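> what follows is a predicted structure for the sequence shown.
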Amino acid sequence: MSTHAAEAARRRTFAIISHPDAGKTTLTEKLLLFGGAIRQAGSVKSRKSAKHATSDWMTLEKERGISVTSSVMQFPYDGRIVNLLDTPGHADFSEDTYRVLTAVDSALMVIDCAKGVEERTIKLMEVCRLRDTPIMTFINKLDREGKYPIELLDEVERVLDIPCAPITWPIGMGSRLKGVVHLLTGEVHLFEPGKNLTRQDSTIYASLDDPALAQRVGAEVLNEVSEELVLVQGASHPFDRELYLAGLQTPVFFGSAVNNFGVQLLLDFFVEHAPPPKPRDASARVISPDESAFSGFVFKIQANMDPLHRDRVAFLRVCSGSYEPGGKAYHVRTGKEMRIGDALTFMASERGLAEYAYPGDVIGIHNHGTIAIADTFTAGEPLQFTGIPSFAPELFRRVRLRDPLRLKQLHKGLTQLSEEGATQFFRPLLANDLILGAIGTLQFEVVAYRLKDEYGVEATFEPAQVVTARWVKAEDGGALEEFREKAAIHLAIDATGALVYLAPTRVNLQMVQERWPKLRFEATREHAQASGTG
Ligand SMILES: Nc1nc2c(ncn2[C@@H]2O[C@H](COP(=O)(O)OP(=O)(O)OP(=O)(O)O)[C@@H](O)[C@H]2O)c(=O)[nH]1
């Protein structure tokens, strides 16, 4: 096997998904601990603490207590290279999560044992299902009273419509939590609050029948769990790797992220069974990770990732070949060779210059406004990776600038933030103001905050009489010109220079469409055609 094929085979690239507050960030941090990425062992401090928030870099996010953006973290574990892509839990940031899910080979779903399957979990599951993404489930916060474990499995099966294969099972719960039993090995791992609970630091018994265990936790609770397990084994499914890989079964783990309990059992199982990079569809053909020619696609763009560097980074998932420092790549959409020689990698808390990157890895390319989401890079072949979703804004606000002298800065800020894909801004043809479109209300708050923090611009958002945007296209240049004149009052230019109709009402849109049959009114600006060709 060639080096890069062997390297690809040991990659495990996955996203953590959950409803807000289920414990995604806490679990992420524990996983990083095992990768040696964070050296401070011990219990998680308040998420407000600066040291804690490795995966959450925005102050805003800390203030609000929700993960706003996703980030990428790489760590080695047990001979494998794990790439963990964090995702924001809040629904207003779902477009980011959806795109991250196109860049991973599997997902880890975190569920709060007291809350069970929540609304965001259902939505995220639907997205995973579109691509048959294999999913492992971690049922968290076992140190608190929650729903019965059997009930939780039933809920996952019923509501998320995916059969469960429990791999670990809790012994007690809340204040009575004694440990978990590994259903495949039979081993019992004791829950000892305050301990670090890595394998070395855990008390482990060979099986539930171990007399020493009964002595330690009492026979009663063991009898209870044995009875429960008879039920569980009757009602659930044995682990079947093929089904898991096809997205048709989810292995389930129980634990408590904040106590680092049950986490290593999950990680051990994950690196053994989660899929390595898969072949990917690229319009003309399918690209295998074993191919030696480099290819990859951009799934995320982030401005000002590091406040100290003020740079814009395009996140590229490598699909084949390898990235080497000093290399060049063919930027398919623009047809140009681009130097990507100083790409970044994301070794957990520190960003460093990439040494080499292989299929499954994510690298950060410095972007000066030429790279767009969904762009493909190759060694020269004109391919286009498919399946990266594009989102139409659903909410519109007029941007009000406090200090008119900061207009240039405002334009710059809005342009750069719009490249990230969550918001889009429009310049009306006949007015001087700006309209911002977003997918969720919180995006406006994020933009206002970031404009101030990152661009020194104070702006507020006011209601705008726009219900939806349509990108106007036409084969007939004459009709387009005429429309441009007649409908100018509702027309605007987007950040890429494309013409957009900002409809004041649905009825108006319908009438306009009927009146102009030669024009096409498209709900999204297709990624592949980005950059002013519309
Ligand atoms: N009792 C208990 N609390 C936990 C556990 N894991 C996490 N928490 C707490 O649950 C809260 C939410 O945890 P986070 O890790 O921030 O959750 P999140 O899913 O990343 O939330 P978002 O950032 O909003 O998506 C925090 O207060 C954690 O300390 C656990 O195992 N037990």
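Perfect, I can see it now.

> got the residues of the stretch 151-300 of the chain near the ligand?
Within reach of the ligand by CB under 6 Å from any ligand atom, the stretch 151-300 of the chain has these residues: 256-259. Any C-beta I mention is one placed from the backbone N, CA and C, and that applies to glycine too.

> how does it look with 5 Å?
Selection of the stretch 151-300 of the chain residues close to the ligand by CB under 5 Å from any ligand atom yields 256-258.

> let me know the closest of these to H411.
A257 (42.6 Å; CB to CB).

> so how far is the helix or strand hosting V110 off the chain centroid?
Using DSSP states H and E, V110 maps to strand 106-112. Offset of strand 106-112 from its chain centre (CA atoms, centre = their mean, to the nearest Å): 12 Å.

> please work out which residues outside it touch it.
12-19, 21-24, 27, 101, 117-118, 121, 124-125, 128, 133-141, 146, 152, 156, 250, 257, 266, 270, 274-275 (CB atoms under 8 Å, 6 or more residues apart in numbering).

> in helices, which of those residues fall?
If you go by DSSP state H, the contacts of strand 106-112 have 24, 27, 101, 121, 124-125, 128, 152, 156, 266, 270 in helices.

> any chance of those residues in a markdown table, with neighbour count, pLDDT and distance to I489 too?
Shown next, in a markdown table, are the ones in helices among the contacts of strand 106-112 (neighbours: other CB atoms under 10 Å; pLDDT from 0 to 100; distance: CB to CB, whole Å):
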| residue | neighbour count | pLDDT | distance to I489 |
| --- | --- | --- | --- |
| K24 | 26 | 89 | 45 |
| L27 | 27 | 93 | 51 |
| L101 | 23 | 91 | 39 |
| T121 | 24 | 90 | 44 |
| L124 | 27 | 88 | 40 |
| M125 | 22 | 89 | 43 |
| C128 | 23 | 89 | 43 |
| L152 | 25 | 96 | 55 |
| V156 | 24 | 96 | 52 |
| L266 | 25 | 97 | 57 |
| F270 | 22 | 98 | 56 |
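
> and the furthest pair within the residues you listed?
L101 and L152 (23.2 Å).

> what residues does the chain have near the ligand?
18, 20-26, 66-67, 89, 141, 143-144, 256-258.

> again, only using 6 Å
18, 20-26, 47, 66-67, 89, 140-141, 143-144, 256-259.

> in a helix, that's where D154 is, yeah?
Yes. Counting by DSSP: H, G, I helix; E, B strand; the rest coil, D154 is found in a helix.

> how near is it to the ligand?
Noted for D154: a distance of 22 Å to the ligand, by CB to the nearest ligand atom, to the nearest Å.

> got the contact list for that residue?
Counted by CB under 8 Å, 6+ apart, D154 has contacts A235.

> next one, pLDDT for it please.
Reading off the confidence values, D154 has pLDDT 94.

> now P428
Reported pLDDT for P428: 94.

> tally of neighbours for the closest residue to it other than its chain neighbours?
Once flanking residues are discounted, P428 sits nearest to A492: 4.6 Å by CB to CB, 6 or more residues apart in numbering. Other residues near A492 come to 22 when the count uses other CB atoms under 10 Å.

> pairing partners for the helix or strand hosting A492, with directions?
A492 belongs to strand 491-494 when elements are defined using DSSP H and E. Strand 491-494 has the following sheet partners, assigned by DSSP bridges: strand 423-428 (antiparallel), strand 499-503 (antiparallel).

> dump the ones you listed to a markdown table, plus mean neighbour count.
As requested, the strands paired with strand 491-494 are exported to a markdown table (neighbours: other CB atoms under 10 Å):
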| stretch | mean neighbour count |
| --- | --- |
| strand 423-428 | 22 |
| strand 499-503 | 22 |
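
> weakest of those by average pLDDT?
strand 423-428 (a mean of 91).

> got the contact list for that one?
By CB under 8 Å, 6+ apart, strand 423-428 touches 393, 399, 414-415, 417-418, 434-439, 443, 447, 469, 491-495, 500, 502.

> residues making contact with the strand or helix carrying Q409?
Using DSSP H and E, Q409 sits within helix 407-418. Contacts to helix 407-418, defined as CB under 8 Å, 6+ apart, come from residues 303-304, 312, 369, 399, 401, 423-425, 434, 436, 447, 450-451, 454-457, 459, 495.

> report the buried residues of that helix.
409-414, 416-418 (16 or more other CB atoms under 10 Å).

> mind saving the C-alpha coords of it as CSV?
The C-alpha trace of helix 407-418 is given here as CSV (Å, rounded to 0.1, in the frame of the first residue of the first chain):
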residue,chain,number,x,y,z
LEU,A,407,-19.2,52.6,5.3
LYS,A,408,-16.2,51.1,3.6
GLN,A,409,-15.4,49.0,6.7
LEU,A,410,-19.1,47.9,6.8
HIS,A,411,-18.9,46.7,3.2
LYS,A,412,-15.7,44.8,3.9
GLY,A,413,-17.1,43.2,7.0
LEU,A,414,-20.3,42.2,5.4
THR,A,415,-18.5,40.8,2.3
GLN,A,416,-16.1,38.8,4.4
LEU,A,417,-18.8,37.5,6.7
SER,A,418,-21.1,36.6,3.8
